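Participant: My questions concern the predicted model and sequence given below.
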Amino acid sequence: MAEFLSLKDAVTKYLKSGDTAAFEGFTHLIPHAAAHEVIRQGIDELTVIRMTPDLIYDQLIGMGLVRKLIFSYAGNPGVGLLRRVRDSIENGWPRSIEIEEHSHAALANAYEAGAAGLPCAVFRGYMGTELQRVNPNIKKINCPFTGEELAAVPSIRPDVAFIHALKADRKGNVLIEGIVGVQKEAVLAATHSIVTVEGVVDELYTHMNACIQPHWTVSAICEVRGGAHPSYAQGYYGRDNKTYIDWDPIAADRERFQGWMEEHVLKQGPEVFADRIKGLEVTP
């Protein structure tokens, strides 16, 4: 049953050192404010999962909070590398991390299996590919009905799933419209879920095909205006492309990265996100 909490209180209550956490959003509605709160609280030894790790995972890893990364693509969208991720993997700074790489299809299936309470996902991907040579969690199984050889991967069942959404009503139901990645499946698969939203309203008025997370699937709702910045929130603000471009030289230098994180994350609360979206064009 959803409860309304401050972001600080929600993270303190539900996320612990050593947990598995998913911060999901596919180009749209990436939960940046939530990740920054995790960084401020210094919650470490995390296993983090995401289909498309970008800036928030660069920051979490660069701050030494991550033990393992499960992913299906890693990069600064439209720019290039994730410098802090690469430095960790290649040079062990600030610490070495374990990585488990999958395809998008595999992770999507794994989230669906987790949401259904299943131990693994079975699908036709990976046959004839070499990714299974470096990922022992890709297995081959035979269909008990046809004998066909298929691929299997463990289901994803995070301790905590973080997503950003457009709005919630006062009962705790959550609305997501526009591009939806695996946010729904991540919430359903997780033991707990923390949802930041642009606002809380009396009623959710939307079309019949919108994605609604019922209140009983959500642990905590936190009102954080602009909480997806620099990604976008449909109908609220557009993508801040300049921030993505500016991040590359910041992340490329260890000292500059640390200084930026101190000034813009550790010393700032979630309320600053509302200021960061001022002037951005509204995405229809």
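Facilitator: Received the coordinates, thanks.
Participant: what's the pLDDT at Arg133?
Facilitator: Here the pLDDT value assigned to Arg133 is 89.
Participant: how many neighbours does it have?
Facilitator: 8 (other C-beta atoms under 10 Å). From N, CA and C alone the C-beta is placed, and that goes for glycine too.
Participant: Now it. Its backbone dihedrals?
Facilitator: phi -70, psi -30 (degrees, to the nearest 10).
Participant: Look up how far Ile141 lies from it.
Facilitator: 18 Å (C-beta to C-beta, to the nearest Å).
Participant: do the same with Gly75
Facilitator: Taking C-beta to C-beta, one finds Gly75 at 31 Å from Ile141.
Participant: Next: Phe71.
Facilitator: 23 Å.
Participant: ditto for Gly92
Facilitator: 36 Å.
Participant: Where do the helices of the protein begin and end?
Facilitator: Along the chain, the segments classed as helices by DSSP state H run 7-14, 32-41, 55-62, 83-91, 104-115, 183-189, 241-252, 254-261, 272-276.
Participant: Export the ones you listed as CSV, with columns for distance to Lys167 and mean neighbour count.
Facilitator: As requested, these are arranged in CSV below (distance: least, C-beta to C-beta, whole Å; neighbours: other C-beta atoms under 10 Å):
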stretch, distance to Lys167, mean neighbour count
helix 7-14, 16, 19
helix 32-41, 15, 24
helix 55-62, 22, 24
helix 83-91, 32, 18
helix 104-115, 22, 23
helix 183-189, 14, 24
helix 241-252, 24, 16
helix 254-261, 30, 15
helix 272-276, 15, 17
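Participant: Show me the one of these that comes nearest Ser219.
Facilitator: helix 7-14 (5.9 Å; C-beta to C-beta).
Participant: now the angle from the closest one to helix 32-41?
Facilitator: 70 degrees (axes from the mean of the first three to the mean of the last three C-alpha atoms, to 10 degrees).
Participant: if we can go back for a sec, the more surrounded of Phe71 and Ile141?
Facilitator: Ranked by neighbour count (other C-beta under 10 Å), Phe71 and Ile141 place Phe71 first, with 19 against 12.
Participant: how many other residues sit next to the nearest residue to that one once chain neighbours are set aside?
Facilitator: Excluding the flanking residues, the one nearest Phe71 by C-beta to C-beta, 6 or more residues apart in numbering is Pro53, at 5.0 Å. By other C-beta under 10 Å, 24 other residues sit near Pro53.
Participant: same deal with Glu149?
Facilitator: Here the number of neighbours of Glu149 (other C-beta under 10 Å) works out to 11.
Participant: Against Glu112, how distant is it?
Facilitator: In terms of C-beta to C-beta, Glu149 sits 21 Å off from Glu112.
Participant: Lys267 too?
Facilitator: The value you get for Lys267 to Glu112, if C-beta to C-beta is used, is 40 Å.
Participant: And Leu82, by the same measure?
Facilitator: 26 Å.
Participant: One more: Leu65?
Facilitator: On the measure of C-beta to C-beta, Leu65 and Glu112 end up 28 Å apart.
Participant: so where's this structure uncertain?
Facilitator: Across the chain, the ranges flagged by pLDDT under 70 are 284.
Participant: Please parse it into its domains.
Facilitator: Domain ranges of the chain: 3-102+157-276, 121-153, per automatic domain parsing.
Participant: which of those domains sits most buried?
Facilitator: Among the domains of the chain, domain 3-102+157-276 has the highest mean neighbour count (mean count of other C-beta atoms under 10 Å), at a mean of 19.
Participant: Now the terminal residues of that one, how far apart.
Facilitator: End-to-end distance for domain 3-102+157-276: 27 Å, by C-alpha to C-alpha, to the nearest Å.
Participant: roughly how far is it from the heart of the chain?
Facilitator: Relative to the centre of its chain, domain 3-102+157-276 is centred 5 Å away, using C-alpha atoms, centre = their mean, to the nearest Å.
Participant: Equivalent analysis for stretch 141-155, please.
Facilitator: On C-alpha atoms, centre = their mean, the centre of stretch 141-155 falls 29 Å from that of its chain.
Participant: Residues contacting it, please?
Facilitator: Outside stretch 141-155, the residues that touch it by C-beta atoms under 8 Å, 6 or more residues apart in numbering are 102, 106, 109-111, 113-114, 116, 118-127, 132, 137-140, 189.
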